[in-house]
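*Asks:* Everything below, folded, please.
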Amino acid sequence: MMKDAAMARITGAVMRAPQELGLEPLDLAPLRHDEVLVRVLSAGICGTDLEILDGHLDLLPTPVVLGHEGAGVVEKVGAGVTGISAGDAVLMTVASCGRCAACVTGRPGYCEQHDPMNFSGGRADGSTAYTDANGFAVHSHFFYQSSWADYAVAHVSNVFPIPKGADPSVLGPFGCGVLTGAGAVLNVLDVQAGSSVAVFGMGAVGLSAIMAAKVAGAATIIAIARKPTQLARAAEAGATHLVDTNEIKDLGAAIQSITGKPGVGYSVEATGAPSVMRTSVDVLAETGHVALTGVAAGQTLELDPWNIIRGRTIHGTTLGDAPPGILLPRIVDLHLQGRFPIDKIETHYPLSDMDWAIADARSGKTAKAVLHP
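*Replies:* Here you go, the predicted structure:
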């Protein structure tokens, strides 16, 4: 436990430039009235973290502490924070203003202040939460948490208490990847019992979508991937059918042989590759729905207009299009019931082994790497 959170020393994973990441001691500035200090117990490695680390997404100023899938225990709250207290086990997710049209209609993932609150590397007044050993500012507040650290400074809007009995040491990924995949199925697509679902991409988002499709009662859940390890994970997550793209020439025919119909009712795309995005539309039956969750910034997606005018609907989605305060407790409850076994796809690493964890995440050796400060 931190003895004095007013100006304390923490350890964080600082990116000083693309591909330049290391653990550093950092001095923590006093909390603001609307902030929450969280002792981090788990933090997932997400594809967005890797894109930023590789320099493919130029979203943040440097140097900066990365990490945006954090869970832990509240250490201290700002003077204006209500509903959250020291000692509460919590999840952290995206920050939002709570006032704009998107926020008040229950879609905080599209908050008008999303970029400045999550990607500016600091607070609205330009200040940061950290200084390094030489007294220079280190950017913070990535997704208003920067949770690749032993302590994270979060905003009251992106901290949510978790149900009693849940273990925050396995829940970090719920705040982004799990929320995105499960929300795509349970909220955006509203998959119906007895229906058919195809899922592309077997990372945490895709596997969460498979688990959610099983919860929704889908009769046919088709996992589409190109590696045996990915398909094995999909089977464990609840897929009823596995399609190895290396072994087929006509995916549409393969799906029809499974469903007995031309196409599926729903599909979820979680790779971010434009060619796979198109395929996720093409495999839909008429009047089918697809949720696009992958990131393909700066790329072009080409579609056959005929597939759209035949009643197919494309949904772009961020964080499941639902208030995290409603959807997150639901998913955690399912996890506690054994119906959302996300822990089975996680591999756990101490924060000091983050290079190893990142390498495993890049290679696909693990579906979800989780760091423990």
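*Asks:* Where do the helices of the protein begin and end?
*Replies:* 47-54, 101-104, 114-119, 168-171, 177-183, 204-216, 228-237, 251-259, 274-282, 305-309, 324-336, 354-363 (DSSP state H).
*Asks:* Just give the nearest non-adjacent residue to residue 80, would you?
*Replies:* residue 33 (3.7 Å; Cβ to Cβ, 6 or more residues apart in numbering). (C-beta placed from N, C-alpha, C; glycine too.)
*Asks:* and that neighbour, how many neighbours?
*Replies:* Using other Cβ atoms under 10 Å, residue 33 is surrounded by 10 other residues.
*Asks:* Would you confirm that it contacts residue 82?
*Replies:* No. Between residue 33 and residue 82 there is no contact under Cβ atoms under 8 Å: 11.0 Å.
*Asks:* how about residue 321, what does it touch?
*Replies:* 107, 109, 183, 187-188, 315 (Cβ atoms under 8 Å, 6 or more residues apart in numbering).
*Asks:* Looking at the residues you listed, which are in strands?
*Replies:* Residues of these located in strands (DSSP state E): residue 315.
*Asks:* between the contacts of residue 321, which is nearest residue 220?
*Replies:* Using Cβ to Cβ, residue 188 is the member of those that sits closest to residue 220, with 19.1 Å.
*Asks:* Tell me, how many residues neighbour the closest one?
*Replies:* 23.
*Asks:* So for residue 192, which of the helices of the chain sits nearest?
*Replies:* helix 204-216 (7.1 Å).
*Asks:* tell me the average confidence for that closest one?
*Replies:* Average pLDDT, helix 204-216: 98.
*Asks:* One more: stretch 22-36?
*Replies:* Per-residue scores along stretch 22-36 average to 96.
*Asks:* centre of the chain versus that stretch, how much separation?
*Replies:* Here stretch 22-36 is found 23 Å from its chain centre; the criterion is Cα atoms, centre = their mean, to the nearest Å.
*Asks:* Ends of it, what's the gap?
*Replies:* 25 Å (Cα to Cα, to the nearest Å).
*Asks:* which parts of that stretch are buried?
*Replies:* 23-24, 26, 28-29, 31-32, 35-36 (16 or more other Cβ atoms under 10 Å).
*Asks:* which residues touch the helix or strand bottoming out on mean pLDDT in the chain?
*Replies:* Least confident helix or strand, the chain: helix 305-309 with a mean of 89, by mean pLDDT, DSSP states H and E. Residues from elsewhere that reach helix 305-309 (Cβ under 8 Å, 6+ apart): 281-282, 284, 314.
*Asks:* so how far is that helix off the chain centroid?
*Replies:* Worked out by Cα atoms, centre = their mean, helix 305-309 lies 30 Å from the chain centre.
*Asks:* now stretch 342-362
*Replies:* Worked out by Cα atoms, centre = their mean, stretch 342-362 lies 15 Å from the chain centre.
*Asks:* cool, stretch 34-47 as well?
*Replies:* The answer for stretch 34-47 is 12 Å, by Cα atoms, centre = their mean.
*Asks:* re the thing from before, quick one: buried residues of the least confident helix or strand of the chain?
*Replies:* Residues residue 307 are the ones in helix 305-309 that count as buried (16+ other Cβ under 10 Å).
*Asks:* what do you get for stretch 219-236?
*Replies:* Buried, per 16+ other Cβ under 10 Å, within stretch 219-236: 220-225, 230-231, 233-234.
*Asks:* Dump the C-alpha coordinates for it into CSV.
*Replies:* C-alpha atoms of stretch 219-236 as CSV (Å, rounded to 0.1, in the frame of the first residue of the first chain):
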residue,chain,number,x,y,z
ALA,A,219,-26.7,-22.7,-32.6
THR,A,220,-23.8,-22.4,-35.0
ILE,A,221,-20.6,-20.6,-34.1
ILE,A,222,-18.0,-20.7,-36.8
ALA,A,223,-14.4,-19.8,-36.1
ILE,A,224,-12.4,-18.9,-39.2
ALA,A,225,-8.6,-18.8,-38.8
ARG,A,226,-5.4,-20.0,-40.4
LYS,A,227,-3.5,-21.5,-37.5
PRO,A,228,-4.3,-24.7,-35.7
THR,A,229,-3.5,-23.1,-32.3
GLN,A,230,-6.0,-20.3,-33.0
LEU,A,231,-8.7,-22.8,-33.9
ALA,A,232,-8.0,-24.9,-30.8
ARG,A,233,-8.5,-21.8,-28.7
ALA,A,234,-11.7,-21.1,-30.5
ALA,A,235,-13.0,-24.6,-29.8
GLU,A,236,-12.3,-24.2,-26.1
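*Asks:* returning to that earlier point: between which two of the contacts of helix 305-309 is the distance greatest?
*Replies:* Among the contacts of helix 305-309, 282 and 314 lie farthest apart (Cβ to Cβ), at 11.6 Å.
*Asks:* Can you give me the domain assignment for the protein?
*Replies:* The chain breaks down by automatic domain parsing into domains covering 8-175+341-372, 178-319.
*Asks:* May I see these organised as a markdown table, with distance to residue 335 added?
*Replies:* As requested, the domains of the chain are exported to a markdown table (distance: least, Cβ to Cβ, whole Å):
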| stretch | distance to residue 335 |
| --- | --- |
| domain 8-175+341-372 | 6 |
| domain 178-319 | 9 |
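*Asks:* for these, which one sits closest to residue 333?
*Replies:* So among those, domain 8-175+341-372 is nearest, using Cβ to Cβ, at 5.9 Å.
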